[in-house]
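**Q** what's the 3D shape of this:
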Amino acid sequence: MSEGAAPEAPSASPATDAPGAAVTPEKLKAASDQEAAVIAEALTQLSRAKTDYRISPADLISVTVYQDLDMNRKTRVNTNGTVSLPLIGAVKIGGMTLIEAQASIEAKMSKFLVSPQVSLFIEEYGNKTVFVMGEVQKPGSYPVPTESRMTVLEAISTAGGFTAIAAQDRARVLRNVNGTSVTYTINTKEITQQGLKDKDMVLEPNDIVYVPQSFF
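**A** All right, here's what the predicted structure looks like:
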């Protein structure tokens, strides 16, 4: 998947019955289960996108060299796609995946160290992107403005707003926190109709905003 590309939107949302049809507990459970499956698929695709991510200028990279603390660094990729590291100086890693960059750095360090083992981790993405999926007019990936922030409502607005069958009281924010997926539920009606602006959550890079379909 190319850098910045949105995960392919899974089947939009759970199917609902015709207007006026009775909503039984069984139908609610089926719809809830399908919604959970859509969210799980979105997280899987985002994880795959991160694995394929190619390092970009302004990314903040953590470099760890096994059993050599003096070599550990946090460094930002410059506009030429290079970073400067002890012993080896400037090394170009822009456009590489993390695995490719690790191999390149290890190859250069092997001239000075015996069998170096390098681990890279992206501390901060230079290209800040969020994903908006589900019942919005234009699902996809959207950049967060430089030196600015984006809230849940702003992201939904950027994606063209809600569809007519969106569950505006059950928007989800899916976030990776220390390797664990955490889900937050945002009731956008409280923000728009009751003026509770403090409930409009500020997004972080790679967050997924998922708007499910209404059960009713």
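
**Q** domains in this protein, by residue range?
**A** For the chain, the domain assignment from automatic domain parsing gives the residue ranges 60-124, 127-211.

**Q** what about the helices in the chain?
**A** Using DSSP state H, the helices of the chain run over residues 25-51, 98-109, 152-158, 188-194.

**Q** and the last one, which residues are buried?
**A** Neighbour-count burial for helix 188-194, with 16 or more other C-beta atoms under 10 Å as criterion, is recorded at 188, 190-191. Yep, even glycine has a C-beta here, placed from its N, CA and C like the rest.

**Q** ok, so of the residues you listed, who is nearest residue 164?
**A** Closest to residue 164 out of the buried residues of helix 188-194 is residue 188 (14.9 Å), distances taken as C-beta to C-beta.

**Q** re the thing from before, what's the closest of the helices of the chain to residue 169?
**A** Smallest distance to residue 169 across these (C-beta to C-beta): 5.1 Å, for helix 188-194.

**Q** quick check: the gap between residue 85 and residue 57.
**A** Note on residue 85: its distance to residue 57, by C-beta to C-beta, to the nearest Å, is 17 Å.

**Q** now do residue 212
**A** 36 Å.

**Q** which one's more surrounded, the two?
**A** Set side by side, residue 212 and residue 57 show more neighbours around residue 212, with 26 against 15, by other C-beta atoms under 10 Å.

**Q** my read: that one touches residue 167, true?
**A** Yes - using C-beta atoms under 8 Å, residue 212 is in contact with residue 167, at 4.8 Å.

**Q** what is in contact with those two at once?
**A** Each of residue 135 lies in contact with both residue 212 and residue 167 under the rule C-beta atoms under 8 Å, 6 or more residues apart in numbering.

**Q** counting neighbours, what do you get for residue 106?
**A** Per other C-beta under 10 Å, the neighbour tally for residue 106 reads 15.

**Q** pLDDT score assigned to it?
**A** At residue 106, the predicted lDDT confidence score is 95.

**Q** repeat for residue 72
**A** Predicted confidence (pLDDT) for residue 72: 93.

**Q** which strand residues bridge the closest residue to residue 172 other than its chain neighbours?
**A** Once flanking residues are discounted, residue 172 sits nearest to residue 210: 4.4 Å by C-beta to C-beta, 6 or more residues apart in numbering. Going by DSSP bridges, residue 210 is paired in beta bridges with residue 133, residue 172.

**Q** how about the contacts made by residue 210?
**A** Per C-beta under 8 Å, 6+ apart, neighbours of residue 210: 38-39, 42, 133-134, 171-174.

**Q** reformat those as a markdown table; add distance to residue 25.
**A** Formatted as a markdown table, those follow (distance: C-beta to C-beta, whole Å):
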| residue | distance to residue 25 |
| --- | --- |
| 38 | 20 |
| 39 | 21 |
| 42 | 26 |
| 133 | 27 |
| 134 | 23 |
| 171 | 23 |
| 172 | 22 |
| 173 | 27 |
| 174 | 26 |
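
**Q** export the buried residues of helix 188-194 as JSON lines, with columns for pLDDT and distance to residue 65.
**A** Below are the buried residues of helix 188-194 laid out as JSON lines (pLDDT from 0 to 100; distance: C-beta to C-beta, whole Å):
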{"residue": "188", "pLDDT": "93", "distance to residue 65": "46"}
{"residue": "190", "pLDDT": "91", "distance to residue 65": "49"}
{"residue": "191", "pLDDT": "91", "distance to residue 65": "46"}
